[in-house]
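Student: requesting a structural model of the entry that follows:
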Amino acid sequence: MFSSILNNDAELRLLEVRHAERLFQLTDRSRNYLREWLPWVDFTKEVSHTKAFIEGTLKQFGNNNGFQAGIWYKGELAGVIGLHGINWANKSTTIGYWLGEEFQGKGLMTSACQAVINYCFQELGLKRIEIRAATENYKSQAIPERLGFQKEGCVRSSEFLYDRYVDHYVYGLVKEERSQPEAPHTEDFYCDEVLSGKTQVTKVVETENVLAYYHTRPFWPVHIVAIPKKHISSFITLNDTDQDLLLELLGVIKEVASKVTEENGACRIITNLGDYQDSKHLHWHIVSGEPMR
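Tutor: As a prediction, this is how the structure comes out:
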C-alpha cells in the first residue's frame, strides 16, 4: 500500500473510505479557494460524493492504474495528490494535486510531488511524468518548475471551468533527467556549468550581472540560488570594486525572497563560507520549508 514520510510533520497515505468525512470537510472549508482552478468542486456537495470518489480511487489502485493519496500534516488531512491513470504501454503518467487553503505556504506540495516522482520512477519503473497547470495558475506552475520539469508547450482550451475554457501548460520530466542526481565535480559549478550553459536551469530572475534560478538538486521544497555572473570566490573575498555588483545581487535576493515569503509564508537566506562552501563561487540560497534529505 502506497505511503511516504515527507518529514517529521508530513506524510502521504493512500486515501481510504474512512477518510471521507475529513476530506469533505477540507473541501468544504476551501470551497471558494479551490473552485478557481478545479472543475469538480461544485459537484461535491455532501460526504457521500467524497465517499464515492474515494471508492473509485481504491478501484483505480486495485486495477494497477495509479492511486490517490492524502497529504497529512501534523495529523490533519491537508490535500490530495495522485496519478491520473498510468499508460503502461508508454510507461507514462500525469500527476494531479490540490491543497486546502489553510495549508498553503508550508512547502507541502513540492515535497509531496518529489515523493510521488521518486515512487513513479523507482518503484513503478515509469519513463515519463507530466504535470499540467492552467496558464494563469502561477502557484501550480511553480511546482514542476522547481522540480526540474521542462515546459513543453501549451494546450489551448484544455479544460472547461464552470463558465470558461482555460489553456494548460504541459510540463514533462523523463527518467534520464531524474537519474543524474550528482552535480558535475568542479571547484566552481556556477561558472563551469550554469553560466556556461552546460547545465540547464530554470531561471527565476535574471539581470545584467546576476542570475537566480531553481536549484538543480533542491534540499528544501523551495530552493532558489542567486549568483553573480562574474566569478567571486565567496562573500569575504568581495573588494571595493564589487560594491555595485553586491547591491545588484542583494536587490535580486530581496526580490526573490519577497516572492517566496508571499507564496510560502516564510523563507531563509543562506550563504556558506570556508569548509561549508562546496563550490568556490559566491552564491546565496533562498529557501522555504523543511529539508527534504
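Student: doesn't Lys280 belong to a helix?
Tutor: No - counting by DSSP: H, G, I helix; E, B strand; the rest coil, one finds Lys280 to be coil, located in no helix.
Student: is Gly172 in a bridge, and if so with what?
Tutor: Per DSSP bridges, the residues bridged to Gly172 are Glu130, Gln150.
Student: what count of nearby residues applies to it?
Tutor: When neighbours are defined as other C-beta atoms under 10 Å, Gly172 has 18 of them. All C-beta spots, glycine's among them, are computed from the backbone N, C-alpha and C.
Student: that one contacts Gly148, correct?
Tutor: No - using C-beta atoms under 8 Å, Gly172 is not in contact with Gly148; the gap is 10.5 Å.
Student: just the helices in the stretch 1-150 of the chain please.
Tutor: Remark: helices assigned in the stretch 1-150 of the chain by DSSP state H, counting those that start in this stretch are 20-29, 31-35, 47-62, 108-118, 138-146.
Student: make JSON lines out of those helices and add mean pLDDT and distance to Val252.
Tutor: Shown next, in JSON lines, are these (pLDDT from 0 to 100; distance: least, C-beta to C-beta, whole Å):
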{"stretch": "helix 20-29", "mean pLDDT": "97", "distance to Val252": "37"}
{"stretch": "helix 31-35", "mean pLDDT": "95", "distance to Val252": "31"}
{"stretch": "helix 47-62", "mean pLDDT": "96", "distance to Val252": "43"}
{"stretch": "helix 108-118", "mean pLDDT": "91", "distance to Val252": "22"}
{"stretch": "helix 138-146", "mean pLDDT": "88", "distance to Val252": "17"}
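Student: between these, which gets nearest to Phe160?
Tutor: helix 31-35 (13.4 Å; C-beta to C-beta).
Student: where does pLDDT dip in this protein?
Tutor: Along the chain, the model assigns pLDDT under 70 to residues 1-2, 178-187, 293.
Student: residue at max distance from the center of it?
Tutor: Most distant from the centre of the chain: Asp240, at 38.7 Å, with distances by C-alpha atoms, centre = their mean.
Student: quick one, phi psi at that one?
Tutor: In terms of degrees, to the nearest 10, the main-chain angles of Asp240 are phi -60, psi -30.
Student: same question, Leu38
Tutor: phi -120, psi 130.
Student: can you check Val287 too?
Tutor: phi -130, psi 160.
Student: repeat for Tyr276
Tutor: phi -70, psi -20.
Student: and it, how far from Ser288?
Tutor: Computed as C-beta to C-beta, to the nearest Å, the Tyr276 to Ser288 distance reads 20 Å.
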